[in-house]
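Asks: fold the stuff below for me.
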Amino acid sequence: MEELKYLDIIFFAILAVFLIFQLWTVLGRRTGHEGQPRDGLRRDKQDQPSMPADDKTVPLPGRASSPNDEAAATFAQGSNRYSGTVAQTLTDIELADRTFTPDDFLGGARGAYEIIVTGFANGDKATLQPLLSDDVYDQFAQVIDQRERAGQIVESSFVGIRSAEIAAASLVRATAEISVKFVSELISVTKDSEGAVIEGDPNQVREVRDIWTFARDVGSRNPNWVLVATGADDTAVA
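Replies: Numbering: from 1, shown residues only. Model prediction:
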């Protein structure tokens, strides 16, 4: 029995050594230089986009870029058709109003031009008022009132805008003004109270060249531009 007892002890000792050896071969030894555990659902570190750990990043040596530099560079890439003071002023407006781009502005100006021309011809003051400055609205309203008193009727068909381009721009304090050259086509006839044509030709498409100036307070939450001045394009070649 004593020998059997010793055999049991030896057997369990051998079994313990065997199990320790198996664990060592599977798990390995921790030396302090092992790599991070790999996860099959996560990309390797070199494939991950580098992200700052916090806001205390250290810039690389050299000229630090500012938000103004980045905005100006973005503007220059998409607006190389402008030059000189116009380009610089448009850049200044974009820096003051991050929602502004020249192309978006021109798109809105084209839409406003058609609405205003059509509204004026139809005598639609309610449509005109929010799109015009007080001075311009008063001038338009006076002409509309004069036509109504004389019994005149304007029949107008807006054909379309052939071109629209920024001609000038200014930024004084928070007030931005941009002048746009429009070349449009329309058919317009003015008739008297008896229906006789007193101006225009119902069968002729007329080319109209205008320079309209729009303004906006770039510090305001109101994103709308209003028409502050109108005039004919005297530089047009007949």
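Asks: packing partners of the helix or strand Glu185 falls within?
Replies: Taking DSSP states H and E as the criterion, Glu185 maps to strand 175-191. If you count contacts as 3 or more Cβ pairs under 8 Å, 6 or more residues apart in numbering; DSSP states H and E, strand 175-191 packs onto helix 84-96, helix 102-122, strand 153-172, strand 197-200, strand 206-217. Backbone N, C-alpha and C define where each C-beta goes, glycine included.
Asks: which one of the ones you listed lies nearest to Glu185?
Replies: Between Glu185 and those, the shortest separation by Cβ to Cβ is 3.9 Å, and it involves strand 153-172.
Asks: tell me which residues in the closest one are buried?
Replies: 153-154, 158, 161, 164, 166-167, 169-171 (16 or more other Cβ atoms under 10 Å).
Asks: now stretch 196-204: buried residues?
Replies: When burial is assessed from 16+ other Cβ under 10 Å, stretch 196-204 yields the following buried residues: Gly200.
Asks: let me fix that, I meant to ask about stretch 129-144.
Replies: Of all the residues in stretch 129-144, those buried under the rule 16+ other Cβ under 10 Å are 131-132, 136-137, 140-141, 144.
Asks: which members of those are positioned in strands?
Replies: Assigned to strands by DSSP state E, none of the buried residues of stretch 129-144 qualify.
Asks: I figured Trp201 hits Leu186, correct?
Replies: For the record, residue 201 is Asp, not Trp. No: judged on Cβ atoms under 8 Å, Asp201 makes no contact with Leu186 at a distance of 11.5 Å.
Asks: not counting sequence-adjacent ones, nearest residue to Thr89?
Replies: The shortest distance from Thr89 to any residue that is not its chain neighbour, by Cβ to Cβ, 6 or more residues apart in numbering, is 4.1 Å, and that residue is Ala169.
Asks: quickly list what the one you found is bridged to.
Replies: Counting by DSSP bridges, Ala169 forms beta bridges with Ile178.
Asks: ok, it - contacts?
Replies: Counting by Cβ atoms under 8 Å, 6 or more residues apart in numbering, Ala169 touches 85-86, 89-90, 93, 176-179.
Asks: narrow those to just the buried residues.
Replies: Using 16+ other Cβ under 10 Å as the threshold, 86, 89-90, 93, 176-179 are the buried ones among the contacts of Ala169.
Asks: tell me the one of those nearest Asn222?
Replies: For the buried ones among the contacts of Ala169, the closest approach to Asn222 (Cβ to Cβ) belongs to Ala176, at 12.8 Å.
Asks: on that earlier part again, reformat the helices and strands packed on strand 175-191 as CSV; add mean pLDDT and distance to Trp225.
Replies: Conversion of the helices and strands packed on strand 175-191 to CSV gives the following (pLDDT from 0 to 100; distance: least, Cβ to Cβ, whole Å):
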stretch, mean pLDDT, distance to Trp225
helix 84-96, 94, 11
helix 102-122, 96, 7
strand 153-172, 95, 12
strand 197-200, 93, 30
strand 206-217, 97, 4
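Asks: any chance of the ones you listed in JSON lines, plus distance to Ala232?
Replies: Rendered in JSON lines, the data for the helices and strands packed on strand 175-191 read as follows (distance: least, Cβ to Cβ, whole Å):
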{"stretch": "helix 84-96", "distance to Ala232": "21"}
{"stretch": "helix 102-122", "distance to Ala232": "14"}
{"stretch": "strand 153-172", "distance to Ala232": "13"}
{"stretch": "strand 197-200", "distance to Ala232": "16"}
{"stretch": "strand 206-217", "distance to Ala232": "6"}
